[in-house]
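Trainee: below are the sequence and a predicted model; questions follow.
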Amino acid sequence: MIEKLEPVTNEQWLLVNKENREIVKDFLEQSTQLSPYTLGQYESALKIYFWFIKENCDDRAFYDIKARDFLKYQNFLVNRGLSSSAIKLKRSVVSSLNEYILLYYEDEYKTFKNYISKKIPNPPSAFVNKKEPLTLAEYKNLCEKLEEKELWQQLAYLKFSFSTSARRNEVRQLLKNVVDSEPLVKDVEIRDKEGNKQIVQSVSYLSGDIRCKAKGKAGLVRKLQFDQATMDAIKKWLEIRGEDDCPYVFVTKSGKNIKQIALETPNLWCDEIFEPIVGRRVHPHLLRESRATSLVVELGKDISVAQKLLGHKSSQTTEIYVIRQDENASDEAFLD
């Protein structure tokens, strides 16, 4: 179970060594290449780090901090149950600050070194791999919190990943022209709890061709099916994002450069944004597992509905990637 790290308050920050506060302020002000959200994450991470130094390492100034002090901090994060990816990101933030000092303050601090090196091993990841799918209530709460925070891209990613049960590499292939797709409106015959037949309308959309994981280097191509709420979230994100030349829905920005997200970006979103809201381990593949679990366990759908949505050959395995494109495969997953 993850123990959430509480943010450092303004009152606490004023108690931190003045030199540490000033170097953080200077570093953040000069980090103009970072997005506002990433800048906020950097500020939070550095404040937590230097508060730890105050409380556990005699409030040393940044130029007196040793490798053993950082190792103590990293072990603290491990013991709090943070994921290895989250800890690696916090390592990266402190290391970036150290590199900034080396580059721009070399005359003032000639003996300063970046004490974060290979000598301090990255934390193990085995202890965070417990599988615990998100419930529908947790998923809906996560969506609400992302909307409150106006994190539109992450909300669109979450909804698309959950609705399609797609893998992260499949999600990152989604193109902006998906918003031009026509809805698939179908009448689907289902049975209620008493076994009576009912005709219910299913509304969904199909993505363009997505290359999916499969045996062989080329993989297989299929279209991913998703619901109206997901389409609305994608449109909202693209509206906020505005016009640009990048064809992908999910992107990273660096100054004026906009490009398709890296394969690891969804992991960072899960670690840094989703986990603190949910209060436990969240990773991209968990969204895939959670969708299948919610369909079968919480909504009582037949296992074949989840099997077809995930693109599995059989209901006995999730690791055989012979995907059959059936246009009626998973309409029952998109009922109102």
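Mentor: Everything's here; your move.

Trainee: so Ile101 is in contact with Tyr109, correct?
Mentor: Yes - if you go by C-beta atoms under 8 Å, Ile101 and Tyr109 touch, sitting 6.4 Å apart. (C-beta placed from N, C-alpha, C; glycine too.)

Trainee: more crowded one of the two?
Mentor: Ile101 (20 against 14; other C-beta atoms under 10 Å).

Trainee: tell me who's in contact with Cys57.
Mentor: Residues near Cys57 by C-beta atoms under 8 Å, 6 or more residues apart in numbering: 65, 69, 72.

Trainee: and what about Ile199, helix, strand or coil?
Mentor: Three-state call for Ile199 (DSSP: H, G, I helix; E, B strand; the rest coil): strand.

Trainee: show me the contacts for the closest residue to it other than its chain neighbours.
Mentor: Spatial nearest neighbour of Ile199, excluding adjacent residues (C-beta to C-beta, 6 or more residues apart in numbering): Asp187 at 5.1 Å. With contact set as C-beta under 8 Å, 6+ apart, Asp187 has these partners: 199-202.

Trainee: how near is His285 to Trp269?
Mentor: 13 Å (C-beta to C-beta, to the nearest Å).

Trainee: which one of these two is surrounded by more residues?
Mentor: Taking other C-beta under 10 Å, His285 and Trp269 do not tie; Trp269 has more neighbours (23 against 15).

Trainee: check what pLDDT that one gets.
Mentor: pLDDT recorded at Trp269 is 93.

Trainee: what's the first-to-last distance across stretch 182-198?
Mentor: 25 Å (C-alpha to C-alpha, to the nearest Å).

Trainee: please apply the same query to stretch 78-88.
Mentor: Stretch 78-88 has an end-to-end distance of 11 Å (C-alpha to C-alpha).

Trainee: next, the buried residues of stretch 227-244.
Mentor: Within stretch 227-244, the residues that qualify as buried are 227, 230-231, 233-234, 236-238, 241, counting by 16 or more other C-beta atoms under 10 Å.

Trainee: could the residues you listed go into TSV alongside pLDDT?
Mentor: Shown next, in TSV, are the buried residues of stretch 227-244 (pLDDT from 0 to 100):
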residue	pLDDT
Asp227	89
Thr230	95
Met231	96
Ala233	97
Ile234	97
Lys236	97
Trp237	97
Leu238	97
Arg241	94
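
Trainee: and the residues you listed as JSON lines, adding secondary structure and distance to Gly255?
Mentor: Shown next, in JSON lines, are those (DSSP: H, G, I helix; E, B strand; the rest coil; distance: C-beta to C-beta, whole Å):
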{"residue": "Asp227", "secondary structure": "strand", "distance to Gly255": "35"}
{"residue": "Thr230", "secondary structure": "helix", "distance to Gly255": "30"}
{"residue": "Met231", "secondary structure": "helix", "distance to Gly255": "30"}
{"residue": "Ala233", "secondary structure": "helix", "distance to Gly255": "26"}
{"residue": "Ile234", "secondary structure": "helix", "distance to Gly255": "25"}
{"residue": "Lys236", "secondary structure": "helix", "distance to Gly255": "24"}
{"residue": "Trp237", "secondary structure": "helix", "distance to Gly255": "20"}
{"residue": "Leu238", "secondary structure": "helix", "distance to Gly255": "20"}
{"residue": "Arg241", "secondary structure": "helix", "distance to Gly255": "15"}
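
Trainee: before we move on, back to that, mutual contacts of Ile101 and Tyr109, please.
Mentor: Both Ile101 and Tyr109 are in contact with Tyr63, where contact means C-beta under 8 Å, 6+ apart.
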